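J.: here is a sequence with its predicted model. Questions after.
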Amino acid sequence: MSVTKLELRTALGPVYRDVLPYEPRDCTPDEIPIIDLEPMFSNELSDRKKVSSEIRAAAINNGFFYVKNHGISPDTIARCKEQVLNFMRQPFEVKDRIRSHKYSKYYNGYLGRRRAQISPSETADVRESFTFRYSPELDPDHPQDISEIPDEIRRWIRGEEFVWEGTKHLPDFKKDCVAYWSSCLSLARKLVKMFALSLDLDENYWDDKVTYPGADGVFNYYPTRTQEEIEQKFVGLGSHTDLQLFTLLWQDSVRGSIQADNIKAPPIEGTLVVNIGDYMMRLCNDIYKSTVHRVTNESTEERVSMPFFFGLNFNCIESVVPSCTSESNPAKYEPISCGDWCQMRFKMENEEFLKNEAKRSMAPSAVVIAA
Ligand SMILES: O=C(O)CCC(=O)C(=O)O
Ligand SMILES: [Fe+2]
């Protein structure tokens with residue numbers, strides 16, 4: 001079968017992935033399984049190993065799976081989603097008071113409609129987003145003031161206060177957003193142990209590397225597309241892979257779900273989607289897959305999704321894990337820190353967008369010729 005070649009960004013320049021050309025269809029349980037996390041909370045190692053072996057199979061196969069019994073309360077999710085709508089339904093000029101391009105050093109804050117383009121081979125993204133990144137004082141497992149953080153780690157802390165300052169007028173906004181984010185962070189710290197087990201590593205292999213981790217809370221809002229955007233085939237969020245170890249994703253029950261390659265992962269009540277990121281793929285010597293995915297809202301309703309991107313402490317320089325190499329299959333990658341890995345790609349994506357925007361504004365139709 002012929003395939004479509006897709007250009008994707010990575011921290012080290014473009015890579016090309018083959019994507020099957022057929023129209024997307026819903027996944028089967030073999031392709032994207034539902035993994036029950038109940039045994040992850042058990043004291044029996046054999047129970048936890050059951051979860052880790054299911055994770056291994058899914059991570060090797062498509063790099064996507066659902067989790068149920070994950071422990072995040074439906075109430076926490078519902079409140080957070082409500083706050084996303086409260087924020088996003090405000091006038092553009094209010095949202096722009098925390099505009100990422102203007103106020104953020106580290107890609108926090110608000111990105112407006114068509115103000116970013118994640119895929120160089122597709123359109124700008126119709127998606128709007130709100131991002132906040134790890135701050136030690138919000139950590140549910142060991143809250144700390146930033147001044148208590150060792151220097152070499154402190155310079156990698158990416159949280160910024162302006163996102164909360166600029167949303168103070170929305171009652172309980174910070175509280176409800178942080179409650180969801182905190183639940184994701186605690187869950188991710190448990191899941192990373194399952195990932196370690198799944199790779200025949202000690203369950204605690206990464207524990208001291210997720211004390212001040214990559215933990216980006218992003219709220220995506222996909223308005224319905226305009227007629228013009230539909231005709232010009234605008235994407236909600238273009239084809240990309242996620243960056244860090246893995247992503248936890250809550251998605252709305254609106255048509256136009258996330259598509260992994262050309263398989264749709266439709267929303268399933270009570271579950272989150274988990275998918276592998278590029279940094280994990282690299283640490284696993286490519287055994288686990290960070291699968292290309294994209295989203296377009298094809299419904300007549302607005303769509304919300306709430307991904308949480310989880311990685312190692314940004315100062316940790318990690319090599320390919322020993323259990324994924326052998327004499328005949330040596331490490332394919334040099335050690336790199338999770339922070340550098342993320343920073344390089346964010347920077348590239350952002351600079352490219354702003355450069356292209358500058359070019360567009362200098363396009364002939366916009367040039368005023370002196371009379
Ligand atoms: O909206 C979704 O379902 C997925 C979002 C996503 O892939 C991302 O934010 O990286
Ligand atoms: Fe993604």
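T.: Noted; the coordinates are in hand. Ligands and ions are numbered 1, 2, ... in the order given.
J.: show me what the helix or strand Arg9 falls within is packed against.
T.: Assigning secondary structure by DSSP states H and E places Arg9 in strand 4-10. Here strand 4-10 touches strand 13-19, strand 237-240, helix 338-361, going by 3 or more Cβ pairs under 8 Å, 6 or more residues apart in numbering; DSSP states H and E. The C-beta positions use only the backbone N, C-alpha and C, and glycine is treated the same way.
J.: gap between that strand and the chain center?
T.: The chain centre lies 18 Å from the centre of strand 4-10; the measure is Cα atoms, centre = their mean, to the nearest Å.
J.: go on, stretch 146-154?
T.: Remark: stretch 146-154 is offset 25 Å from the chain centroid, using Cα atoms, centre = their mean.
J.: mind checking which of the helices and strands packed on strand 4-10 is nearest Asp208?
T.: Smallest distance to Asp208 across the helices and strands packed on strand 4-10 (Cβ to Cβ): 13.9 Å, for helix 338-361.
J.: from the chain, which residue is nearest to ligand 1?
T.: Ser305 (3.2 Å; Cβ to the nearest ligand atom).
J.: that residue contacts Val295, doesn't it?
T.: Yes. If you go by Cβ atoms under 8 Å, Ser305 and Val295 touch, sitting 7.3 Å apart.
J.: shared neighbours, the two?
T.: Asn220, Tyr222, Ile258 (Cβ atoms under 8 Å, 6 or more residues apart in numbering).
J.: name the residue closest to the centre of the protein, please.
T.: In the chain, the centroid-proximal residue (Cα atoms, centre = their mean) is Phe309; its distance is 4.3 Å.
J.: which helix or which strand is home to that residue?
T.: Assigned by DSSP H and E, Phe309 falls in strand 303-313.
J.: given that strand, what are its sheet partners and their directions?
T.: Strand 303-313 has its sheet partners listed here by DSSP bridges as strand 213-222 (antiparallel), strand 246-251 (antiparallel).
J.: can you state the direction angle for that strand and helix 338-361?
T.: Here strand 303-313 runs at an angle of 140 degrees relative to helix 338-361 (axes from the mean of the first three to the mean of the last three Cα atoms, to 10 degrees).
J.: please write out the alpha-carbon positions of strand 303-313 in PDB.
T.: This file holds the C-alpha atoms of strand 303-313, laid out as PDB (Å, rounded to 0.1, in the frame of the first residue of the first chain):
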ATOM      1  CA  ARG A 303     -14.400  20.700  21.700                       C
ATOM      2  CA  VAL A 304     -12.100  20.700  24.800                       C
ATOM      3  CA  SER A 305      -9.200  18.400  25.600                       C
ATOM      4  CA  MET A 306      -6.800  18.500  28.500                       C
ATOM      5  CA  PRO A 307      -3.400  16.900  27.900                       C
ATOM      6  CA  PHE A 308      -0.800  16.600  30.600                       C
ATOM      7  CA  PHE A 309       2.800  16.100  29.300                       C
ATOM      8  CA  PHE A 310       5.100  14.200  31.600                       C
ATOM      9  CA  GLY A 311       8.900  14.000  31.500                       C
ATOM     10  CA  LEU A 312      11.900  13.600  33.700                       C
ATOM     11  CA  ASN A 313      13.500  16.500  35.700                       C
END
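J.: okay, buried residues for it please.
T.: Neighbour counts over strand 303-313 (16 or more other Cβ atoms under 10 Å) mark Arg303, Val304, Ser305, Met306, Pro307, Phe308, Phe309, Phe310, Gly311, Leu312, Asn313 as buried.
J.: mean confidence for that strand?
T.: Averaging pLDDT along strand 303-313 yields 97.
J.: any idea how far it is from the chain center?
T.: For strand 303-313 - counting by Cα atoms, centre = their mean - the centre lies 4 Å from the chain centre.
J.: what comes into contact with the helix or strand following that strand?
T.: Next along the chain after strand 303-313, taking DSSP H and E as the criterion, comes strand 317-318. The contact list for strand 317-318, computed with Cβ under 8 Å, 6+ apart, reads Lys209, Leu283, Leu312, Pro335, Ile336, Ser337, Cys338.
J.: re the thing from before, I figured the residue nearest to the centre of the chain hits Asn220, correct?
T.: No. Counting by Cβ under 8 Å, Asn220 is not a contact partner of Phe309; they are 11.9 Å apart.
J.: what's in contact with stretch 182-193?
T.: By Cβ under 8 Å, 6+ apart, the surrounding residues in contact with stretch 182-193 are 37, 40-41, 48, 70-73, 76, 138-141, 203-204, 206-207, 210, 213, 215, 217, 245-246, 248, 274, 308, 310.
J.: any residue of it up close to ligand 1?
T.: No. Residues of stretch 182-193 are not located near ligand 1 by Cβ under 6 Å from any ligand atom, the shortest gap being 13.3 Å.
J.: can you give me how far that stretch is from the chain middle?
T.: 14 Å.
J.: with stretch 156-173 instead?
T.: 19 Å.
J.: residues in contact with it?
T.: Under Cβ under 8 Å, 6+ apart, the answer for stretch 156-173 is 79, 83, 86-87, 97-98, 103-109, 130-136, 138, 146, 149, 174, 212, 216, 313-315, 339.
J.: strands - which of the residues you listed land there?
T.: Counting by DSSP state E, the contacts of stretch 156-173 place Gly109, Phe130, Thr131, Phe132, Asp216, Asn313 in strands.
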